[in-house]
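Colleague: starting from these lines, generate the structure:
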Amino acid sequence: MLNPLIDQINSMGDQFMRALPGIAIALVIIIATAIVAKFTVRIADALIGKTDLRPSLRNLIETLVRLMTWLLGLMIAAVVVFPDLTPGSLVAGLGIGAVAIGFAFQDIFENFLAGVLIMIREKMRIGDVIECEGITGKVEHITLRETHIRKLSGEVTIVPNSVLFKNPVEILTDKEQRSHDVVIGVSYDTDLDQAAEAIRKAVSNVDNIDVGKGIDIFAQEFNSSSVDFLVRWWSGSTPRSGWESKDKVVRAIKRGLDDAGIEIPFPYITHTFKEKVPMGHEPGEPSTGG
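Modeller: So this is what the prediction gives:
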């Protein structure tokens, strides 16, 4: 019983000793691959630095160069350790393994491919403020698996790339300026032309408003106690620029309407009663006072 086991152990030991030089060479190849990968990434970075490629696309190219270098080095090391392997059989084995791994890690590969496509497409750069699936914030970093979004309140949200690729993404800072709006109500006895002119004059004097793109003032609807104007103007595209601009516009419109003697009404409520409601002491009635 022991002799076959001992013979098998001795055979395995002999095979290991024969493979030991190949393993040592493979380790040297792996170390050399790590060194070569650093140099190839530096070369790629130097070549890319002379172009106007986006940072996300640069990261993608550097990652692909590093990945291809490692794949080549590992294939050479595998052939050294297992001489029976050929490049063709190794590529075929990698293909079958990739299919199996793809089914097992479908979500990971989905995010990987989405990351590649996000980096390639022109829109949504690092530094843009975006809104997607209820998340609003500034894009800080894009990797092949996820995107880091700094929310306006300061927190970082790590979003899988597949979410950003499969759902509509609103890029708030795609242009330096965008339109903002506010609704202003005036009383029903107001001359609407006079009110519109007062509003236009007030908004035109606000700082950081692009008057050249026009100021839109539309009488929008008859509200319960006012006629409402929709006021639109162009200013900075970032959320803070929009808030600051809207603050200045609202203040300016309030001052302008006050100076013109135009009322901004608050809601009026009228109560009607089926029966007459007594309003204090009627003449001829006995007083109930003490």
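Colleague: might one say that residue 58 is in contact with residue 46?
Modeller: No: using Cβ atoms under 8 Å, residue 58 makes no contact with residue 46, being 11.4 Å away. In this view, the C-beta of every residue, glycine as well, is placed from N, C-alpha and C.
Colleague: settle it for me: which of those two has more neighbours?
Modeller: A direct count of neighbours by other Cβ atoms under 10 Å for residue 58 and residue 46 places residue 58 higher, at 16 against 9.
Colleague: so how far is the helix or strand hosting the more buried one off the chain centroid?
Modeller: Residue 58 is part of helix 55-81 when elements are defined by DSSP states H and E. In this view, helix 55-81 has its centroid 29 Å away from the chain centroid, taken as Cα atoms, centre = their mean, to the nearest Å.
Colleague: and for stretch 217-231?
Modeller: Distance, centroid of stretch 217-231 to centroid of chain: 34 Å (Cα atoms, centre = their mean).
Colleague: tell me which residues in that stretch are buried?
Modeller: 217, 226-227, 229, 231 (16 or more other Cβ atoms under 10 Å).
Colleague: ditto for stretch 24-31
Modeller: Neighbour-count burial for stretch 24-31 flags 26, 29 (criterion: 16+ other Cβ under 10 Å).
Colleague: average pLDDT for it?
Modeller: For stretch 24-31, mean pLDDT is 83.
Colleague: may I have it as CSV, with CA atoms only?
Modeller: Taking Å, rounded to 0.1, in the frame of the first residue of the first chain, the C-alpha atoms of stretch 24-31 are listed here in CSV:
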residue,chain,number,x,y,z
ALA,A,24,12.2,30.5,-11.9
ILE,A,25,12.3,31.8,-15.4
ALA,A,26,8.6,32.5,-15.3
LEU,A,27,9.0,34.5,-12.1
VAL,A,28,11.8,36.5,-13.7
ILE,A,29,9.4,37.1,-16.7
ILE,A,30,6.7,38.3,-14.4
ILE,A,31,9.0,40.7,-12.6
